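Q: Give the three-dimensional model of this entry:
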Amino acid sequence: MLAQIEEGLASAAAKDAGALGQIVQRCILVLEQSTQSFAIMWVGGYLKKLIATQQSQIPLADLVAINNTVIRRISQPSFSGGRASLNVLCSISAAVTVLGWGRSEEVFANALLPSDGTSYPQNAWVLLLQAVVQEMSQEKSILKGFPKHRKTAVSFRDSHLLSIFRGGSQMFRDSAASGTLAQQPSFARNLLLLLIECLSFDFIGINPDESSDDQGSVHIPTNWKEDIQDQMFLSVLCNSLISVPDCQPEILDTLASIFCTRRSLFSDSEREQFTATNLQVLRDILNFFDSLSEDGQHRLYRLISRFLSVYSSDALKSANGEEFVRLFMARSVSSIPAWHDAQIIHIVQAWNRLVDSSGSAASDLGTKYGPYVVAVAQALIRFDGKFGRDSEELLSQVLDSCANVIRFDYANVADMLSERFKSSANAFISGSPGPERSDSAALSCSWPTLLIAAVIGARAPYQLSSMDLINTANRGTLFRDELELSLIYFALQFKRSYLCDTGSRRAALFETVAQYCSISSQDQATISIFDKLLVNLRFATSSLVLEKTMEAFTDFTSGSVTSKMLKKSQVIIFLVQNHSSEHFSRITDQKLLQQFFAGITKLLILESDESFDKELYIFLAPLQTNIEQYKGMSDSELLEPVVRAEICKLFRKLRQAPVERLAIMSVFVAKKHFQPFFDLDDNVAALRFFHEFVWNKSGRLNFDVNSASGVVIFREVSQVANEIGLALIKSDLASIPESQYWPKVFKRISIILNLLKNILGGRYVCFGVFALYNDPVLANTLSVMFGLSRFIEARYLLARLATLQAFLGVWAVFTGEQLMLVEDLDIETFSHVLECCNAAILDLSAHSLVSSQACTIIDNIFTHVCQRHIRGKAPDVIFARVQQTAHHCRALLATLFDKLVNEDPPNQWSMTRPLLPLVLLFSDFFQSYVEQLIAEQRSQNQEAFGNAILSVMEGVTLSLETRNRDRFTTNVSHVRRRILLEASSPS
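A: Just a heads-up that it's a prediction; the model follows:
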C-alpha cells in the first residue's frame, strides 16, 4: 500500500485531480485498516503535507471523509497505535478541520462536539480538541494568508471555543471528584493542556511569541468572565496540586493563564474581588511550597511573576496584599541561596514589578512594603554561591531587576553592599597569588562586582553618587575567568553612567575614588580601565574573556567621550607602534582581529591633526613591510600554500586600515605583483578587501571635484572584478558537486556583486567621463555584471540569502543610478532580473528586506519607462525590453497586488511604490485581473469585495508625482483593511 501511494506522488505534484483523489483514498484506507504504527505515522505525515500543499485541489467531500476516518479510528476502544500514532491522527484531523471550517462549519463542528449524544473515549477526545485549538490559534496554520486564517479563527472562537473550555473544565471537576485524575495522571495532564490551549488562544490576532508570553495579559472575551471568576474551579485546581502531584506544572500554568486575565474585563469592584481571591490562592500554595516538586516550584514563581506583571498595583492595595508579600519574601529569601536559573529570574522580576508599583521608598506603599523589599535586597547581596553564566542574556535580565530592587531603598543597603564587596575582595587578594587562588574566592568576589556594576548602570548619568570604584592598582594582573568577566561587566556599566556626554568630568564620585586609587577625573578612569582591557587582550587565554574584553574595547573606542580621551592620551601612540601579532599574540580569531584593528582605526582617524600623517605611516609600516617582502617573489613562489595564507592575512589587515587616507596606488601596485594570487581558488580575502576598499561608508571617500582618484579607483578595482568575474562565468557547474556551489562559485560571485554595488553607488566616480573619452571600462564592467547575474538561476538565488541580497543590491543601485547610461541591455538578462524579483517577493521564507530590494528594482525600472512615456520622449532600450517581456511584467503586477490585498506584508509601503507605474502601463490587464478576482468570490461577497477593490484608483491620476503615489498607497491600505474587516467578521 505504501508503495502505491509513493507511485502517485508525481501525479499529485502535477495537480492531477484524478490521481490526487486516488492517493487520498489510499491514505484513508491505510489509516482505517493498518495496525502498524509506522505505517500510520508515515501516511499521516505525508497526508498532512499533501493537504497543506494541495489544499485548493482537495474537494470538501474528501476532507470530510479523512476527518470521519480519523475520528472513527481514534474512537475505537481496540486502537493500539500508541501515543505517537494518536498524536499524528489528531494533527491530521486538526488540519482538515481548520481547512474545511470555512467551507462547512456545521459538518466539522458536529464532528468535534456531536449534537446527537455520541461520545468518544475521553483521552482521545481531549487530544483531538487540543490539536484543533492549537491549529486554529497558531499564526502559521495550514491556511495560507492571514485574512483566511483570521476569519476561521474568529468564527471558531465565537462559536465553539468557550464550549470546549467549559466541557474541559467540567470534565476536570468530575474526574477530580471521582478520583480518576489521581489514577490517570497522563489523562489529567492532557486535560490541563487543553485548558491551557483554550486560555492562551489568539483571541485578538496578536499571537505573541514565547518571549512575550510572560509579560502580557490574556485577552479573554467578555462572555468568559463568569468562567474565569469561578472560585469552585480554582479550588479544584488547588486541591489537585496535592492529589495529582505529577501534574503540578500544568496546574500552575493553568492558574497563570487565569490569573493574567486582562484587567479591563472587570469593573473596579470585580477586579478587587478577583485580585483578593487570587492572592488567597497564592498564599495557600506558598504555605505548602515544600510539598511542590522542583518543577512545580519553578512554575509557582513564574505564576507569581506573571500575575504581578498585570495586577501588581492591585495586589499591593488589596487587604490580602501584605500577608502575600510577607510569605513571598520568606520564600524568596530561602530560594535565592540555591540559585536555580528557572526560579531566580522570576523571583527578581516579580520583586522588580512590586518595586515599580510601590513608587518611591518614601510613599505610603513604599513605607508599607519597604522592609520586605530590603530583606530581599539583602538576600541578593549576601548570596555567595555559584550563579549561572550559561546564558548571558538571562544573567543580564537578573542583574537589571536586582539593580532596581537594591536601589529602591539604597540608603539601607548601600553600606551592606560596600562591605560585602570589600570583604570578598580582601579575602581574594589576601589568598595565595596567581592561579592557586581558589575558585570559590573568585566567585565570591564576582557576584558583588556584578551587583555594583548593575547598580551603577541603573543610575541616571546626571545623578550624584558615592559608589566606590573597584581598586585598579593591580591592573596588570589576570584573575580567574569569573572575576575577569565581572570586571568587564563593571567597566561597561561604569562607562555607561560616568564616562558619557551627560556625566560630569569631576563628579562627586571621583572625590571619593581619589582617596582609594588616585583616580580623580573621567580621563584617569578611562585610561585605567582601558589599560586593564589591553592587559586582557595581550595575556588572557580564555576565549570568553577575550570576546567580552573585545566588546568593551570596541565600546570604549567608539564612545564619543572615551574615544576623545584615549586619542589625547599616550594609549594611541602605544597602539600605533605595537599592534602586530608579536604584541597581541592571543588574538587569533579573525572576527576579533577585525574588531581590534577597527577600534585602533577609529582612534587613529578621530579629530585628525598635524600628527595624523605621522601616526598613519607608523601604523601602516608593518603592513607596508609585508607588501614589500612579496614584491620580489616569482609567480611560482606566490602560489605556495604558506605564502597564500600570509597574503590572506595581509588583505584582512588591510581591510581594517583607514582607507580614506591610505596610499591608494601602493595597493594596486601590490595587486600587479600578486596577479597569480587572483586565480579562481584563492581570491576571497583579496575580493573582500576591495569590497571594503570601495565602500563609501559614512562618506569616507570624499575627493575634490577636480580629482581623478575616483576614476582611478573604478578603473583598477573593476579590472580585478572583471578578470575574476569572467573566469567565474566560464565555470562548469556540471563538474562541481552541488554542495560545493557556494564555496567554489557563488560565494565569490556574491562578493563581486557587492563590490560592484559599492562602487556603482559610492557617488565618487563621474561615470559620464568614460563615454566622453570613449573609454570602454564602464561597458565592460556592466557586461560582467550582466553575465554574473544570468549565471545564477533563480532557485540558487533563493536558496542562499547572501547571494540573493548581493544580486538584488547591485541591481537596485544600478537601476537607480546608471540605468539611463545603458545603451544596450540584452533581453535574457532583463527577463531574468524580473523573474528573480518576482520569485523574491513570492518567497515566504525571505526577509522583508529582500522583497523591499526587489520592489526597489521594479520601481526604478518601470518609473523610468512610465516617466518617459508620460513626457512623450522617444522609447529607449529599456522601453523595448518591457514590451518584449510583457508577460513577466503582468506577473509582477498580479504578485504585488495579491500580496498587498490578501496578506499583511511588513513592508507594505515598499510594495505599493512599484505597483502604481505597473498599473499605469498595463491598465487593461489590471482591469481584467480585478474583474477575475471579483468573479472568484462567493456570490454574496462579490458586491462588497468589488466595491473595495475598485476604490483603489479613487483620486489617482496618470502621473508619478509624490502626492499621487501617496494617494495610491493610502487607497491600497484602505482596501486591505476593508477586506480584512470583512474576513474577520463571523460568517
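Q: Tell me the helix or strand right after the helix or strand where Asp174 lies.
A: According to DSSP states H and E, Asp174 maps onto helix 162-178. Note on helix 162-178: by DSSP H and E, the next helix or strand toward the C-terminus is helix 180-183.
Q: so where do the helices sit in the stretch 601-750 of the chain?
A: Applying DSSP state H, counting those that start in this stretch to the stretch 601-750 of the chain gives helices spanning 612-631, 635-638, 641-655, 664-673, 684-693, 709-729, 741, 747-760.
Q: oh, I was asking about the stretch 201-350 of the chain
A: 210-213, 225-228, 231-243, 248-259, 268-287, 294-317, 321-335, 341-358.
Q: how about Val765, secondary structure?
A: Here Val765 is recorded as coil under DSSP: H, G, I helix; E, B strand; the rest coil.
Q: you'd agree it is up against Gly710?
A: Yes: counting by CB atoms under 8 Å, Gly710 is a contact partner of Val765 at 4.3 Å. The way it works is simple: take the backbone N, C-alpha and C, and place the C-beta from them, glycine included.
Q: TSV for the helices of the stretch 201-350 of the chain, including distance to Lys568 and mean neighbour count?
A: Listed next are those as TSV, based on distance: least, CB to CB, whole Å; neighbours: other CB atoms under 10 Å:
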stretch	distance to Lys568	mean neighbour count
helix 210-213	43	9
helix 225-228	64	14
helix 231-243	65	16
helix 248-259	55	23
helix 268-287	58	17
helix 294-317	47	21
helix 321-335	48	18
helix 341-358	40	22
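Q: Of those, give the one that comes closest to Lys591.
A: With CB to CB, the closest approach to Lys591 among the helices of the stretch 201-350 of the chain belongs to helix 210-213: 26.6 Å.
Q: And the average pLDDT for the helix holding Asp174 is what?
A: Computed over helix 162-178, the mean pLDDT rounds to 90.
Q: so who does the spatially most central residue of the chain touch?
A: For the chain, the residue nearest the mean C-alpha position is His847 (10.7 Å; CA atoms, centre = their mean). Residues near His847 by CB atoms under 8 Å, 6 or more residues apart in numbering: Leu801.
Q: Give me the distance between it and Gln805.
A: 9 Å (CB to CB, to the nearest Å).
Q: Any stretches of the stretch 801-950 of the chain with poor pLDDT?
A: Applying pLDDT under 70 to the stretch 801-950 of the chain flags the ranges 844-846.
Q: How far does stretch 357-365 stretch from one end to the other?
A: Chord length of stretch 357-365, first to last residue, is 8 Å (CA to CA, to the nearest Å).
Q: now swap in stretch 174-182 and tell me
A: End to end - CA to CA - stretch 174-182 spans 12 Å.
Q: Contacts for that stretch next, please.
A: With contact meaning CB under 8 Å, 6+ apart, stretch 174-182 is reached by 172, 184, 187-188, 191, 236, 239-240, 243-244, 247.
Q: in the helix holding Asp174, what's buried?
A: Neighbour-count burial for helix 162-178, with 16 or more other CB atoms under 10 Å as criterion, is recorded at 162, 164-165, 167-169, 171-173, 175-176.
Q: for it, the distance to its chain's centre please.
A: Helix 162-178 sits 39 Å away from the centroid of its parent chain (CA atoms, centre = their mean, to the nearest Å).
Q: Stretch 125-136 too?
A: Relative to its parent chain, stretch 125-136 has a centroid offset of 29 Å by CA atoms, centre = their mean.
Q: try stretch 953-973
A: From the chain centre to the centre of stretch 953-973 is a distance of 34 Å (CA atoms, centre = their mean).
Q: can you pull the buried residues of that stretch?
A: For stretch 953-973, a neighbour-count test (16+ other CB under 10 Å) marks 953, 956, 960, 964-965, 967-969, 971-972 as buried.
Q: How about residues contacting that stretch?
A: Stretch 953-973 is contacted by residues 863, 866-867, 870, 900-901, 908-909, 912-913, 915-917, 919-920, 951-952 when judged by CB under 8 Å, 6+ apart.
Q: now swap in stretch 328-347 and tell me
A: Against stretch 328-347 from outside (CB under 8 Å, 6+ apart): 282, 286, 289, 294, 297-298, 301-302, 304-305, 350-351, 372, 375-376, 379-380, 382-388, 390-391, 394, 397-398.
Q: can you do 6 Å?
A: For stretch 328-347, contacts defined as CB atoms under 6 Å, 6 or more residues apart in numbering pick out 286, 289, 298, 301-302, 305, 372, 375-376, 379, 383, 385, 387-388, 398.
Q: so how many other residues sit close to Gly370?
A: Gly370: 19 surrounding residues under other CB atoms under 10 Å.
Q: which ones are touching it?
A: Here Gly370 is in contact with 361, 409 (criterion: CB under 6 Å, 6+ apart).
Q: which SS class is it?
A: Assignment for Gly370 (three-state DSSP): helix.
Q: Distance of it relative to Ser363?
A: Distance, Gly370 to Ser363, by CB to CB: 9 Å.
Q: again with Asn860
A: To Ser363, Asn860 is 59 Å away according to CB to CB.
Q: between the two, who's got more neighbours?
A: Taking neighbours as other CB under 10 Å, Asn860 and Ser363 compare with Asn860 leading, 21 against 12.
Q: which SSE is that one in?
A: helix 848-870.
Q: Can you name the next helix or strand after that helix?
A: The first helix or strand that comes after helix 848-870 along the chain, using DSSP H and E, is helix 877-884.
Q: And the helices in the stretch 401-550 of the chain?
A: Secondary structure of the stretch 401-550 of the chain (DSSP H, counting those that start in this stretch): helices located at 410-430, 439-458, 481-498, 508-517, 522-539, 543-558.
Q: Which of those helices sits closest to Glu835?
A: Nearest to Glu835 among the helices of the stretch 401-550 of the chain is helix 543-558; the distance by CB to CB comes to 42.0 Å.
Q: just how off-centre is the closest one within its chain?
A: Relative to the centre of its chain, helix 543-558 is centred 23 Å away, using CA atoms, centre = their mean.
Q: So which other helices or strands are in contact with that helix?
A: When contacts are defined as 3 or more CB pairs under 6 Å, 6 or more residues apart in numbering; DSSP states H and E, helix 543-558 sits against helix 481-498, helix 522-539, helix 590-605.
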